[in-house]
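Trainee: Give me coordinates for this.
(2 chains)
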Amino acid sequence: MFYWLQKNLPRIVISPSFAVILWFVYGFIIWTFYVSFTKSKMLPRYDFWGIQQHFRLWSNMRWYTAVENLLIFTVLFVVLCILIGILLAILLDQKIRTEGFLRTIYLYPMALSFIVTGTAWKWILNPTLGIQKLFRDLGFTDFTFDWLVNREMSIYTIVIAAVWQSSGFVMALFLAGLRSVDDEIIKAAKIDGAGLYSIYITIILPMLRPVFMSSIVILIHISIKSYDLVIALTAGGPGTSSDMPAVFMTQMAFHRSEIGMASASAVMMFLTVLAIIVPYLYSELRRQDASR
Amino acid sequence: MQAADPQLQALERSTSHKRTFYRWLLFLILGVFGIYYLTPMYVMIITSLKSMEEIRQGNLMTLPKEIIFDAWKIAWSGRGYDAGDVFLRPFFWNSTKMVIPAVFLSTFLGALNGYALTKWRFKGDNMVFLLFLFGCFIPYQAILLPMARTLGMLGISNSITGLVVVHTVYGLSFTTLFFRNYYVSISDEIIKSARIDGAGFFKIFFKVLLPISSPIIVVTVIWQFTNIWNDFLFGSSFSFGEAAPIQVALNNMVLTSTSVKQYNVDMAAAFIAGFPTLIVYILAGKYFIRGLTAGSVKG
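Mentor: You can find the predicted model right below:
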């Protein structure tokens, strides 16, 4: 008995946590999947209703707005963060003395919550007293900046605040990548007469392919889950013009009594994340195996 | 990327003017970006120190003519009347009461899991780890509704206890990942010799492994603290009214300020809500970054 206990102690120790993960992660995901195939409204019902909720979801105009916004947001957010991140990482890698100080400044927004970020940017982008007034005071009397209350432009204000918050993080990832590049390669290229610019474009950046991959995956992952920032900055408005899937889901779940459709939208989000994460994890694990 | 070879030095001397120019350009660009990242913080702080009248007269960047702390007082402890007076003090303590047990529990369990997974290998341990790992990636919308029902059934919805449970459960994947990756790199020889000396599972954990785990403990605690303190999704989904954490209260405060918008109070409140994580970042930035790169694909 004592021997059995001793032999199985590691399993016994890990089993409560494991059971919790099985139930609260996998069990709950299965629940959400199932409920997305039922007629559930305010309360969950468990009689099977086929794919009606998914059908309703994809014929809902608001969901289309949310998906369209997600696409716009993701493309701009990923591209801008990566451009700024690479630029800052390369510049910081030129052996400058104030590197540590500057890095601290570039990365501090990451320590703030999206609600704090949203609150600050809501004030800065305020159509009457914010940036607009600043530029008018500077002499540009016709300057108008009303994106926050403009249906066509509201989604871009979320991009602005999100890039401010996350681009420093991409800088940190690329800086770590640059540090792992062997200096000898650069020296050899310099002796061959290559300029610094072409060294970066043709030699170093292609070597950072794994950093590109993980940055893109991380940024897409952040954008699919975007919720807090939208709530704090625009609350999905004006109207539903800056809605995003995560906002749509919580709205349907907690305010519209549409548990079935909320689950269907959560399933869509989950499958999208899965489609991005699984190939990524697979290639990561293979890369690690190959380098072993 | 400067090199000391004589060949290169000759090359570099010929282009030294060009180099000085590029050096200045480099610092100019870096400086501009520094200003870009700092401006919102600057705007937040100066706005919080102005009166509403001055805010309307001046603009975003003008320094306050007279520094007043009224907005800070209102943001922290309210105006002193009952109806519709939202202020942060009680919610700041809610978040504190939530974050301490949740960080402690999730970190401790993560350490124990990481230890069992790496130093006492058992059949299927890799599969168990993979299932833990996957928990880092799920979008929380996929578990939001069943979690709300579960908390209701357990009778802990809309309570600090409920939020502690939620944050501990969904933090487990990350903390286990952190400790597992750290313990993998620690030599098995230490464990073996301790076992030969007759030490058991727990004795080795507490006496041998934990004392050398401080770097990863710091990384994990900072990661969990930042994420739980900054959480809004769980807080807003599972609590309201008096049990809300600070981020939810901040958002409510900004939304529900009566009749006239008090931007100075909003900014003071935003600063208060962001202050604890900012301090941790400034004091322990190195560990903060290490956690970010290790667990960045967060649910």
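Trainee: helix, strand or coil for residue A:40?
Mentor: Recorded secondary structure, residue A:40: coil (DSSP: H, G, I helix; E, B strand; the rest coil).
Trainee: ok, which stretches of the stretch 1-150 of chain A are helices?
Mentor: Using DSSP state H, counting those that start in this stretch, the helices found in the stretch 1-150 of chain A span residues A:2-21, A:28-35, A:52-58, A:61-92, A:99-107, A:114-124, A:131-137.
Trainee: Figure out how far the host helix or strand of residue B:254 is from the centre of its chain.
Mentor: If you go by DSSP states H and E, residue B:254 is part of helix B:246-256. Centroid separation for helix B:246-256 versus its chain: 19 Å, with Cα atoms, centre = their mean, to the nearest Å.
Trainee: List the buried residues in that helix.
Mentor: For helix B:246-256, the neighbour count (16 or more other Cβ atoms under 10 Å in any protein chain shown) marks B:246, B:247, B:248, B:249, B:250, B:251, B:252, B:253, B:254 as buried. All C-beta atoms are positioned from the backbone trio N, CA, C, and that covers glycine.
Trainee: picking up where we left off before, could you dump the helices of the stretch 1-150 of chain A into TSV with mean pLDDT added?
Mentor: Shown next, in TSV, are the helices of the stretch 1-150 of chain A (pLDDT from 0 to 100):
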stretch	mean pLDDT
helix A:2-21	88
helix A:28-35	95
helix A:52-58	92
helix A:61-92	96
helix A:99-107	92
helix A:114-124	95
helix A:131-137	86
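Trainee: Pick the most buried one from the ones you listed.
Mentor: Highest mean neighbour count among the helices of the stretch 1-150 of chain A (mean count of other Cβ atoms under 10 Å in any protein chain shown): helix A:114-124, with a mean of 26.
Trainee: Contacts for that helix, please.
Mentor: With contact meaning Cβ atoms under 8 Å, 6 or more residues apart in numbering or on different chains, helix A:114-124 is reached by A:109, A:129-131, A:148, A:157, A:160-161, A:164-165, A:227-233, B:40-41, B:43-44, B:47, B:60, B:230, B:232, B:247, B:250-251, B:254, B:263, B:266-267, B:269-271, B:273-274.
Trainee: report the angle between the axes of it and helix B:246-256?
Mentor: Helix A:114-124 and helix B:246-256 are oriented at 30 degrees to each other (axes from the mean of the first three to the mean of the last three Cα atoms, to 10 degrees).
Trainee: Quick one, grab the pLDDT at residue 47.
Mentor: Because you didn't say which chain, this covers chain A. You'll see residue A:47 listed with a pLDDT of 85.
Trainee: My question was about chain B, not that one.
Mentor: pLDDT, residue B:47: 93.
Trainee: Give the burial count for residue B:123, as a bare number.
Mentor: 8 (other Cβ atoms under 10 Å in any protein chain shown).
Trainee: State the pLDDT value of the closest residue to residue A:107 other than its chain neighbours.
Mentor: Nearest non-adjacent residue to residue A:107, counting by Cβ to Cβ, 6 or more residues apart in numbering or on different chains: residue A:168, 4.1 Å away. Residue A:168 is assigned a predicted lDDT (pLDDT) of 93.
Trainee: for residue B:257, same thing?
Mentor: Looking at residue B:257, the pLDDT reads 55.
Trainee: Tabulate the CA atom coordinates of the helix holding residue B:254 in CSV.
Mentor: Output in CSV follows, covering the C-alpha atoms of helix B:246-256 (Å, rounded to 0.1, in the frame of the first residue of the first chain):
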residue,chain,number,x,y,z
ILE,B,246,-10.9,47.6,-10.3
GLN,B,247,-10.8,47.5,-14.1
VAL,B,248,-14.6,47.0,-14.2
ALA,B,249,-15.1,49.8,-11.7
LEU,B,250,-12.9,52.1,-13.8
ASN,B,251,-14.9,51.3,-16.9
ASN,B,252,-18.1,52.0,-15.1
MET,B,253,-16.8,55.2,-13.7
VAL,B,254,-15.8,56.5,-17.1
LEU,B,255,-19.2,55.5,-18.6
THR,B,256,-21.5,56.7,-15.9
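Trainee: can you give me the helices in the stretch 151-299 of chain B?
Mentor: According to DSSP H, counting those that start in this stretch, the helices that the stretch 151-299 of chain B contains are B:160-184, B:188-196, B:201-203, B:214-230, B:233-238, B:246-256, B:263-283, B:285-295.
Trainee: Please look at residue B:46 and residue B:66 and confirm they touch.
Mentor: No. Here residue B:46 lies out of contact with residue B:66, judged by Cβ atoms under 8 Å, at a distance of 12.0 Å.
Trainee: separation between residue B:201 and residue B:119?
Mentor: 9 Å (Cβ to Cβ, to the nearest Å).
Trainee: Next, count neighbours for residue A:127.
Mentor: Using other Cβ under 10 Å: residue A:127 sits among 15 other residues.
Trainee: what's the answer for the one 3 residues further on, then?
Mentor: One way to gauge burial is a neighbour count; for residue A:130, by other Cβ under 10 Å, it gives 21.
Trainee: That one touches residue B:60, doesn't it?
Mentor: Yes. Residue A:130 lies in contact with residue B:60 (Cβ under 8 Å); the separation is 6.1 Å.
Trainee: Find the residue at the geometric middle of the chain.
Mentor: By default, I'm working from chain A. residue A:222 (1.3 Å; Cα atoms, centre = their mean).
Trainee: actually it's chain B I care about, not the one you picked
Mentor: Short answer for chain B (Cα atoms, centre = their mean): residue B:226, at 1.7 Å.
Trainee: For that one, give me its contacts.
Mentor: A:111, B:277, B:280, B:281, B:288, B:291.
Trainee: Could you tell me the model confidence score at the fifth one?
Mentor: Read it as residue B:288. Value for residue B:288, per-residue pLDDT: 85.
Trainee: Please report how far it lies from residue B:255.
Mentor: 30 Å.
Trainee: same question, the second one
Mentor: The span separating residue B:277 from residue B:255 equals 22 Å under the rule Cβ to Cβ.
Trainee: Kindly report the same for the last one.
Mentor: Noted for residue B:291: a distance of 31 Å to residue B:255, by Cβ to Cβ.
Trainee: ok so, going back, the residue nearest to residue A:107 against residue B:37, yeah?
Mentor: Yes. Residue A:168 lies in contact with residue B:37 (Cβ under 8 Å); the separation is 6.7 Å.
Trainee: Please enumerate the shared neighbours of those two.
Mentor: Shared contacts of residue A:168 and residue B:37 (Cβ under 8 Å, 6+ apart): A:106, A:108, A:109.
Trainee: Need the nearest residue in space to residue A:26, chain neighbours excluded.
Mentor: residue B:131 (7.5 Å).
Trainee: hang on, residue A:287 packs against residue A:210?
Mentor: Yes. The pair residue A:287 and residue A:210 passes the contact test of Cβ under 8 Å, sitting 7.1 Å apart.
Trainee: Please tell me the pLDDT value assigned to residue 282.
Mentor: The chain I'm using is chain A. As predicted, residue A:282 sits at a pLDDT of 84.
Trainee: try chain B instead
Mentor: 91.
Trainee: residues contacting it?
Mentor: Applying Cβ under 8 Å, 6+ apart, the residues near residue B:282 are A:104, A:108.
Trainee: which stretch of helix or strand covers the residue nearest to residue A:107?
Mentor: helix A:154-179.
Trainee: helices or strands next to that helix in the packing?
Mentor: Packed against helix A:154-179 by the contact rule (3 or more Cβ pairs under 8 Å, 6 or more residues apart in numbering or on different chains; DSSP states H and E) you find helix A:61-92, helix A:99-107, helix A:114-124, helix A:209-224, helix A:228-233, helix B:16-48, helix B:285-295.
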